[in-house]
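Trainee: kindly return the folded structure for what I paste below:
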Amino acid sequence: SMFCLTTAFFLVEIVTGYLTNSMALVADSFHMLSDIAALVIAFISVRMAPKSWSKNTFGWARAEVLGALVNAVFLVALCFSITVESLKRFYEPEDIHNPLMILYVGGMGLAVNLVGLCLFHEHGSSHGHSHGLSRSTHSHLTDL
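Mentor: Coordinates of the predicted model:
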């Protein structure tokens, strides 16, 4: 499954990134970690959210929204830490070891992301943006 593939490649990238002193691989490994967290949060929130509620509540009915919020906060923290590390390396450059290995592992990371794209590309594509309006009414509204 995508969870196992992403988890395994997270470990490959984090180890290779620290061995080669590559900030790009370490940053991408944490991006893979955020993908893992997103998959886990999505799975848990879909399991926790009921199919329907008889009353309006902010409880488990909003589990997907809260899961997305947790993932967004994690991504913002990740972006901040990558920015801080890149500024540090901008002022104090460090040597990169074995750039060919970095290229291979980075290429494999791209392949893993493309596999995920192929697996999940139809997720959410069935949702139109008409929001209850017919296609003809929607097109007339966009002409205004």
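Trainee: just checking, Val115 touches Ser1?
Mentor: No. Applying C-beta atoms under 8 Å, one finds Val115 not in contact with Ser1, separated by 10.9 Å. (Each C-beta comes from the backbone N, C-alpha and C, glycine too.)
Trainee: more neighbours: the two, which one.
Mentor: More neighbours surround Val115 than the other of Val115 and Ser1, with 14 against 8 (other C-beta atoms under 10 Å).
Trainee: measure that one to Thr83 for me?
Mentor: With distances taken as C-beta to C-beta, to the nearest Å, Val115 is found 28 Å from Thr83.
Trainee: tell me how far Asp28 lies from Pro93.
Mentor: In terms of C-beta to C-beta, Asp28 sits 20 Å off from Pro93.
Trainee: those two - which one has more neighbours?
Mentor: Asp28 (23 against 8).
Trainee: need the nearest residue in space to the residue nearest to the spatial centre of the chain, chain neighbours excluded.
Mentor: With distances taken as C-alpha atoms, centre = their mean, Asp35 lies nearest the centre of the chain, 3.9 Å away. Using C-beta to C-beta, 6 or more residues apart in numbering and skipping residues adjacent in sequence, the residue nearest Asp35 is Thr6, 5.3 Å away.
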